[in-house]
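Novice: The amino acid sequence is not available; the structure is as follows:
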């Protein structure tokens, strides 16, 4: 994105008067509150259109699939931040979300752009050739293939399998899911590794098939994980483990730097 003069000086999302709050052209109080689900509202905020039944089901399923993932780094950062600053719930949530990147949470966006590229190229060549070209180019650039491989789920990621089942049952198109399957089939030949599709590839595959905007893909795991972080922080209030996590980290890591003469490490 270029930085410079911007001619656009308007927004189409919301406005208000003394009596009415308008969101995407609808009266918030008369037409939205108490009448639409939050999943519907999220889609509506992004696109200006209410999702159909298939789109609602797919989006809702992805949010459920990715929300909770145990004591991953983002959750640990959030809980330890809350332990240090219990007056700032928002700061603890932010600490967890700020870790969203190419390894944690952000992989869904990268995988989605890869799958969108495969689908776009398949307009002029076979899906297999399109997927092969995208994989080969990524490998040549020494880039990972996002959304494939998992340290625990070696045979299949059950979340990916289930999301594909939901999308199929909902009747959404199959172009990006087909691309995701094709990429998985080609990986052993092109990379020498049998990498299973994980949930970070399945989420964008089903969402893009349902018509979700590619530019907002990263927002889905961020939104979902925010809900989970709040759950962890409520538990942190009731059963605090933030300092336990901090202490465990200090015990797990050895110091290998220089020390003054005669220094003997103590038990921290």
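Specialist: Everything's here; your move. For clarity, every value in this text was computed on a predicted model and none was experimentally measured. Numbering: from 1, shown residues only.
Novice: count of neighbours near residue 72?
Specialist: Residue 72 has 16 neighbours, counted by other CB atoms under 10 Å. To be clear about C-beta, it is placed using only N, CA and C from the backbone, and glycine gets the same treatment.
Novice: Hmm, residue 104 and it touching each other?
Specialist: Yes. Between residue 72 and residue 104 there is a contact under CB atoms under 8 Å: 6.5 Å.
Novice: can you give me the helices for the stretch 51-200 of the chain?
Specialist: Here the stretch 51-200 of the chain has its helices, by DSSP state H, counting those that start in this stretch, at 53-66, 73-84, 89-97, 107-121, 127-140, 158-170, 175-191, 199-209.
Novice: which strands and helices sit next to the third one?
Specialist: Think helix 89-97. Applying 3 or more CB pairs under 8 Å, 6 or more residues apart in numbering; DSSP states H and E, one finds that helix 89-97 contacts helix 73-84, helix 219-238.
Novice: Of those helices, flag the one that's most buried.
Specialist: helix 73-84 (a mean of 21; mean count of other CB atoms under 10 Å).
Novice: how distant is it from the center of its chain?
Specialist: In terms of CA atoms, centre = their mean, to the nearest Å, the centre of helix 73-84 is found 19 Å from the chain centre.
Novice: do the same with stretch 31-43
Specialist: In terms of CA atoms, centre = their mean, the centre of stretch 31-43 is found 21 Å from the chain centre.
Novice: got the end-to-end distance for that stretch?
Specialist: Between the start and the finish of stretch 31-43 there is a gap of 15 Å, counting by CA to CA, to the nearest Å.
Novice: any idea of the mean pLDDT in it?
Specialist: The average pLDDT for stretch 31-43 rounds to 98.
Novice: ok, and for that stretch, which residues are buried?
Specialist: Buried residues in stretch 31-43, counted by 16 or more other CB atoms under 10 Å: 32, 36, 39-43.
Novice: Quick one: residues in contact with that stretch.
Specialist: 23, 26, 44, 49-51, 55-56, 59-60, 63, 212, 223 (CB atoms under 8 Å, 6 or more residues apart in numbering).
Novice: at 10 Å what do you get?
Specialist: With contact meaning CB atoms under 10 Å, 6 or more residues apart in numbering, stretch 31-43 is reached by 21-29, 44, 49-52, 55-64, 210-213, 216, 219-220, 223, 227.
Novice: how about low-confidence regions in the stretch 151-268 of the chain?
Specialist: In the predicted model, the stretch 151-268 of the chain carries pLDDT under 70 at residues 151-155, 267-268.
Novice: Contact partners for the residue positioned nearest the centre of the chain?
Specialist: The centre of the chain sits closest to residue 221, judged by CA atoms, centre = their mean, with a distance of 2.9 Å. Applying CB under 10 Å, 6+ apart to residue 221 gives the contacts 62-63, 65-67, 69, 97, 100, 104-109, 199-200, 203-204.
Novice: rerun at 8 Å
Specialist: So residue 221 contacts 66, 100, 105-106, 108, 200, 203 (CB under 8 Å, 6+ apart).
Novice: Please apply the same query to residue 96.
Specialist: Contacts of residue 96 (CB under 8 Å, 6+ apart): 74-75, 77-78, 81, 225, 229.
Novice: Look up how far residue 230 lies from it.
Specialist: Going from residue 96 to residue 230 by CB to CB, to the nearest Å gives 10 Å.
Novice: Repeat that for residue 128.
Specialist: From residue 128 across to residue 230, the span is 44 Å (CB to CB).
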